[in-house]
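> what follows is a protein structure lacking sequence information:
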Ligand code: SAJ
């Protein structure tokens, strides 16, 4: 009996003779391409950015989590290469799509990257392929946006000739304990055969694969993961506002609650919600629900609270200067830390940008320092990180700690500063007892 398409493809996946492509060689796609290549697959990265393609083919990496030595080794072995040309897909057996899913200026999902990737693949799709979408998106995207291209355009029967699944990325840039290889990977297919083939592929390269029954379950699992974080950060941010009104130390409250060994997970207040995942993914869900005439109230409320935190920080700075008989207008304010979270160089959606805008709008003279972010060019902001942070601390009327990078010498900053607004409790106990420090 001849093997059917599914069995033939699974065989090629299991003996690693299947040819693999990864579309989108960013912070998700490149680590995924590398982990497939390390498993022995011949991997081709497809990216529209010729600079990324040239860098990889020059045996260099541009992603923090992927060492250049590893790229060089895999390229030399012929296990990794890159191209801007989708026609290579003719030779491919397995394709993973790892393109961005940002928001438009309107706050609505921008699905153009997924649509462009799928349209790029369409002319070259053929029987005997498995396609997996990894981009975080609303439940239904794989079925509504990707499936029709296979069935209508390429005229392929999904579940028999070609296999389609969704598998959410769980990459946390800069993290070394949980990596692309060892982080459990959820995989859900359009049909049971799709789930089986996609799981068989991923099981060859990843430590733990969790098959689920549909693409919607897999899409929704990712949104639950990140909505969980967004809502709990919103909760603790609202708690900071409540404690501020009550005159209670929110940091002590959170630490006390965190002593509960079960049924509680610690989140800490901050100046807002930054990053490329947490502030964005949940809005894909609330947007989808609006189209079904349902308001995802938790998400919208949490988003409103998190989005308002930069304004809450502005109020703390104004009140702190006022208590020192200074107006915000004309005062020198130094923002410490611009990245969206500590010890990384990523500025995307960072609340520091909002805080700087608000301070400038109120007439403050604003400088910033961030050891990971030498310059800010965003909207009408064109700023350079002040080189001598301690001199800037000494000359500032108020220092605002927005991102608590480990690199900062907080005791020295506390000694040198006239006034500090610490939005991250970076100074800890020394900050709690100092009359120069105001905390959220
Ligand atoms: N934040 C708070 N308080 C907290 C935690 C975070 O204000 O208690 C802020 C951060 O400063 C940042 C934003 O929220 O501005 C997001 O922080 P995050 O820790 O969630 O970091 P991200 O956005 O890098 O989230 C990623 C996510 N990974 C993926 O989506 C694959 C998330 O699922 C991870 O749980 C998270 O990293 C992590 O644990 O580091």
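Looks like it arrived, so ask away. Quick caveat: nothing in here was measured; it's all calculated off a predicted structure. Numbers count the residues shown, from 1 in each chain.
> how about the residues of the chain that lie near the ligand?
By the rule CB under 6 Å from any ligand atom, the part of the chain lying against the ligand is 169-172, 225-226, 229, 233, 267-268, 270, 273-275, 277-278, 340-341. Heads up, the C-betas are built off the backbone N, CA and C, glycines and all.
> spell out the residue ranges of the helices in the stretch 251-400 of the chain.
281-291, 297-323, 351-361, 389-395 (DSSP state H, counting those that start in this stretch).
> can you redo those as CSV with mean pLDDT?
Listed next are the helices of the stretch 251-400 of the chain as CSV, based on pLDDT from 0 to 100:
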stretch, mean pLDDT
helix 281-291, 93
helix 297-323, 97
helix 351-361, 98
helix 389-395, 98
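> closest one to residue 372 among those?
With CB to CB as the criterion, residue 372 lies closest to helix 351-361 of these, at 11.7 Å.
> got the buried residues for the closest one?
351-359 (16 or more other CB atoms under 10 Å).
> compare the helices of the stretch 251-400 of the chain and give me the one nearest residue 162.
Among the helices of the stretch 251-400 of the chain, the nearest to residue 162 by CB to CB is helix 281-291 (25.5 Å).
> tilt between the longest helix seen in the chain and helix 297-323?
If you go by DSSP state H, the chain has its longest helix at helix 215-246. Per axes from the mean of the first three to the mean of the last three CA atoms, to 10 degrees, the angle that helix 215-246 makes with helix 297-323 is 30 degrees.
> give the other helices and strands that helix 215-246 contacts.
Under the contact definition 3 or more CB pairs under 8 Å, 6 or more residues apart in numbering; DSSP states H and E, helix 215-246 sits against strand 162-166, strand 185-189, helix 250-257, helix 281-291, helix 297-323.
> dump those to a markdown table, plus mean neighbour count.
Formatted as a markdown table, these follow (neighbours: other CB atoms under 10 Å):
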| stretch | mean neighbour count |
| --- | --- |
| strand 162-166 | 29 |
| strand 185-189 | 26 |
| helix 250-257 | 16 |
| helix 281-291 | 20 |
| helix 297-323 | 18 |
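> nearest to residue 437, out of these?
Of the helices and strands packed on helix 215-246, the one closest to residue 437 (CB to CB) turns out to be helix 297-323, at 9.1 Å.
> residue of the stretch 1-150 of the chain nearest the ligand, please.
Closest approach between the stretch 1-150 of the chain and the ligand, counting by CB to the nearest ligand atom: residue 136, at 7.2 Å.
> how is the chain carved up into domains?
2-213, 229-439 (automatic domain parsing).
> residue 259: neighbour count?
8 (other CB atoms under 10 Å).
> mind checking how far it is from residue 382?
Applying CB to CB, to the nearest Å, the value for residue 259 to residue 382 is 46 Å.
> packing partners for the worst-scoring helix or strand of the chain on mean pLDDT?
Taking mean pLDDT, DSSP states H and E as the measure, the helix or strand of the chain with the lowest value is helix 281-291, at a mean of 93. Helix 281-291 sits against helix 215-246, helix 297-323, with contacts defined as 3+ CB pairs under 8 Å, 6+ apart.
> which residues are in contact with that helix?
The set of residues external to helix 281-291 that reach it, using CB atoms under 8 Å, 6 or more residues apart in numbering, is 101, 103, 107-109, 136-140, 220, 222-223, 226-227, 230-231, 295-296, 299-300, 302-303.
> 6 Å - rerun?
108-109, 136-138, 223, 226-227, 230, 296, 299-300 (CB atoms under 6 Å, 6 or more residues apart in numbering).
> with stretch 215-222 instead?
Contacts to stretch 215-222, defined as CB under 6 Å, 6+ apart, come from residues 136, 139, 142-143, 166, 168, 186, 188, 190, 212.
> reformat these as CSV; add pLDDT.
Putting these into CSV (pLDDT from 0 to 100) gives the following:
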residue, pLDDT
136, 96
139, 96
142, 98
143, 98
166, 98
168, 98
186, 98
188, 98
190, 98
212, 97
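> out of these, which is most surrounded?
Ranked by neighbours (other CB under 10 Å), the contacts of stretch 215-222 are led by residue 166, which has 34 neighbours.
> re earlier: mind listing what the residue of the stretch 1-150 of the chain closest to the ligand touches?
Contacts of residue 136 (CB under 6 Å, 6+ apart): 101, 222, 281.
> sorry, back to before: which of the contacts of helix 281-291 count as buried?
109, 136-138, 223, 226-227, 230, 296, 299.
> distance from the chain centre to stretch 192-208, please.
24 Å (CA atoms, centre = their mean, to the nearest Å).
> now do the buried residues in it.
The neighbour-count check on stretch 192-208 (16+ other CB under 10 Å) flags 193-206 as buried.
> and which of the residues you listed is nearest to residue 240?
For these, the nearest to residue 240 is residue 206 (38.4 Å; CB to CB).
> sorry, back to before: distance to residue 416 for the helices and strands packed on helix 215-246 - can I get that in TSV?
Shown next, in TSV, are the helices and strands packed on helix 215-246 (distance: least, CB to CB, whole Å):
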stretch	distance to residue 416
strand 162-166	52
strand 185-189	48
helix 250-257	23
helix 281-291	40
helix 297-323	17
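> hang on, residue 407 packs against residue 372?
No - look at residue 407 against residue 372 with CB atoms under 6 Å: they stay out of range, at 8.3 Å.
> more neighbours: the two, which one.
Taking neighbours as other CB under 10 Å, residue 407 and residue 372 compare with residue 372 leading, 17 against 12.
> tell me the confidence at that one?
On the pLDDT scale, residue 372 is placed at 95.
> burial measure for the nearest residue to it once chain neighbours are set aside, as a count.
Spatially, and ignoring its direct neighbours in sequence, residue 372 is nearest to residue 345 (3.8 Å; CB to CB, 6 or more residues apart in numbering). Counted with other CB under 10 Å, the neighbours of residue 345 add up to 14.
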